[in-house]
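Engineer: model the structure of this input:
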Amino acid sequence: MGLNSKLKSLIFAGCSLVTIGALAGFASSRQDEKKCEKVSINIDNEYNNYFIGDKEVTALLIQNGERNLEGVPNQEIDLRSLEARVEAHKFVKEAEVFRGLDGNIHVNVKQNRPIARIIRSNQDVYIDKEGNTLPLSDRYTARVIPITHSALIEPLNEGFFKDTTGLAYLSLLDYIENDAFWKAQLAQMHIDGKGKVSFLPQVGEHTIEFGRPENMEDKFKKLMIFYKEVLPYMGWDKYKRVNVEYEDQIICE
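Structural biologist: Numbering: from 1, shown residues only. Below you'll find the predicted structure:
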């Protein structure tokens, strides 16, 4: 390619970039001139959570009525600020606020997912998958396993579920939450003063002595053997306790 051809190519490329930049600037300017006529809200409800609705999201966007978005020019709407305001809500895991080609505001919200509820005289909160505490809601009560624990243990706050010891309990809760059978069968979880776990079942009069939250798969396998091979023959009210704490043992009394 000769020098003139290279020069022509460079000039053409430069002109193209300028043209594209001008068109983008023109489009952006036209977008800024548009006014928001409508706010569309989409709340992800993958886990059938109803902790936050359109009304609550709208209140966050308009600062409880201080400023409506409808009729406001786009150039006066700070999308990042709106996004941060929505994400500040305890039950919002992620939020995305963006402007459509029509100039209207679109909001996508992903909710937090509680996996357990801690209940004691001075504490009643949810715990999510990451070990964060969530307040109770007037809108909705999640169907998750309740946890009680010995008075010898300090309140189970966010710090508890994020240290080495607490992560094991969080893994146990996550295991139960993701197993349809155990989620339906285990009605309550208790942590005693030594940190050992026991469960009360939905069906049956026995207490399940699980021990510390370790070797979970082996313990649940043994417990499943108890449910499939022992109770159908001996009767659901035969035993008052079943212990799967120890390796290679199932103790029934």
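Engineer: from here on, contacts and neighbour counts on C-alpha atoms
Structural biologist: OK.
Engineer: which parts of the one helix or strand R80 maps to are buried?
Structural biologist: Using DSSP states H and E, R80 sits within helix 79-87. For helix 79-87, burial by neighbour count (16 or more other CA atoms under 10 Å) applies to L79, L82, E83, A84, R85, V86, E87.
Engineer: list the strands paired with the next helix or strand after it, with their directions.
Structural biologist: Next in sequence after helix 79-87, counting helices and strands by DSSP H and E, comes strand 92-99. According to DSSP bridges, strand 92-99 forms sheet pairs with strand 105-111 (antiparallel).
Engineer: render the CA-only coordinates of the strand it pairs with in PDB, please.
Structural biologist: C-alpha atoms of strand 105-111 as PDB (Å, rounded to 0.1, in the frame of the first residue of the first chain):
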ATOM      1  CA  ILE A 105     -36.500   4.400  34.100                       C
ATOM      2  CA  HIS A 106     -36.300   0.700  34.600                       C
ATOM      3  CA  VAL A 107     -35.500  -1.000  37.900                       C
ATOM      4  CA  ASN A 108     -34.500  -4.600  38.400                       C
ATOM      5  CA  VAL A 109     -34.300  -5.900  42.000                       C
ATOM      6  CA  LYS A 110     -32.900  -9.200  43.300                       C
ATOM      7  CA  GLN A 111     -34.100 -10.000  46.800                       C
END
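Engineer: need the contact partners of it.
Structural biologist: Residues from elsewhere that reach strand 105-111 (CA atoms under 8 Å, 6 or more residues apart in numbering): 36, 38-45, 49, 51-52, 91-100.
Engineer: buried subset of those residues?
Structural biologist: Among the contacts of strand 105-111, the ones that count as buried by 16+ other CA under 10 Å are 36, 39, 41, 43, 49, 51-52, 91-92, 94-99.
Engineer: of the residues you listed, which pair is most distant in space?
Structural biologist: For the buried ones among the contacts of strand 105-111, the farthest-apart pair by CA to CA is C36 and N49; their separation is 29.3 Å.
Engineer: I'm done for today, thanks for sticking with me.
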